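> Have a look; sequence and predicted model below, questions after that.
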Amino acid sequence: MFSTRMTLSVMALLAACTFAGCSQVELEFNAYQSAKKSFPASARENTVAVVVGSEKGEPLLQEEVGGKIANLLREYGYLVAPKEEARYVLSCWFGMDSGKTYSGVMPVYQPGEHYTSRVRTSGGHWRSVSYTLPGYTEYVPYSYTIYCKYLSLTLHDNTPADPGQPEPDQSNQPEGDTAQQKIIAAESIIWRCSCVNADDSTDLRWRINHMLIASFDYLGADTPRQKTIKIGEESKRVKELVSLRSPQ
């Protein structure tokens, strides 16, 4: 039977094993800016189309994410346009893995109980005596699962495909948005970012908000190395972004 202290130890272990914690979401972020192409300024002529795809091919969530991206672009001063009319395309790709479970046994030391009692001495007097029982170690099993959520954004020129080039092979591609799965020509890429979150949450829909906030904070920037970004689980910015879910 578990003691109270042992139960608290298990709870502390599970809390420590959860990467994001209950108050902040931790993200690993990288952004890359082309050395040959400048990031377009927020001018009306620099129209941007939004194309969204996902690993599981979730059309309604893709539509929701596309609406949020379009609204964020407008907040940054860009004009969002249909793909056939836009000068640039901002492609988004997101997904979540099936999780990785970690389990084992953790030694938890239980200190011995401390007691105080009164005893009679040989002289017939009473005095207090304190003593501590020996401690012992219990081995507590634990198990937790970490899910990796990811989102990438790629801004590229909206150039038509070269008719002389063959269509990319999609036979081994996952189901999802066909346009998103097509290979983006390297020479057309202006900016790209990747954002990864690993914790025990399976709520990809909620985590996308945190990843979009981080990505747009560095829109057009180049990070010399991977950055660790922390955003409040229920921050005001996240809640504001949740309301920006209307389609384009």
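Happy to help now that I have it.

> Quick check: buried residues in the helix or strand hosting Phe29?
For Phe29, the element it lies in under DSSP states H and E is strand 24-33. By neighbour count on 16 or more other C-beta atoms under 10 Å, the buried set for strand 24-33 is 25-31, 33. C-beta coordinates here come from the backbone N, C-alpha and C atoms, glycine included.

> would TSV of those with pLDDT and distance to Lys239 be doable?
Shown next, in TSV, are these (pLDDT from 0 to 100; distance: C-beta to C-beta, whole Å):
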residue	pLDDT	distance to Lys239
Val25	95	13
Glu26	96	19
Leu27	97	17
Glu28	97	23
Phe29	98	21
Asn30	97	26
Ala31	97	25
Gln33	96	30
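
> Can you give the distance of the strand holding Phe29 from its chain's centre?
9 Å (C-alpha atoms, centre = their mean, to the nearest Å).

> Can we start the residue count at 380 from this point?
Got it, the first residue is 380 from now on, which makes the last one we talked about strand 403-412.

> CA atoms of it as CSV?
Extracted in CSV, the C-alpha atoms of strand 403-412 (Å, rounded to 0.1, in the frame of the first residue of the first chain):
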residue,chain,number,x,y,z
GLN,A,403,4.3,27.2,-20.1
VAL,A,404,4.7,25.5,-23.5
GLU,A,405,8.3,25.0,-24.6
LEU,A,406,9.1,25.1,-28.3
GLU,A,407,12.2,24.4,-30.3
PHE,A,408,12.4,26.8,-33.2
ASN,A,409,14.6,27.5,-36.3
ALA,A,410,14.1,30.1,-39.0
TYR,A,411,16.1,30.4,-42.2
GLN,A,412,16.3,33.4,-44.6
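
> The strand or helix carrying Leu534 - contacts with which helices or strands?
In this assignment (DSSP H and E), Leu534 forms part of strand 515-536. Where contact means 3 or more C-beta pairs under 8 Å, 6 or more residues apart in numbering; DSSP states H and E, strand 515-536 is packed against helix 383-396, strand 467-475, strand 479-489, strand 568-578, helix 583-596.
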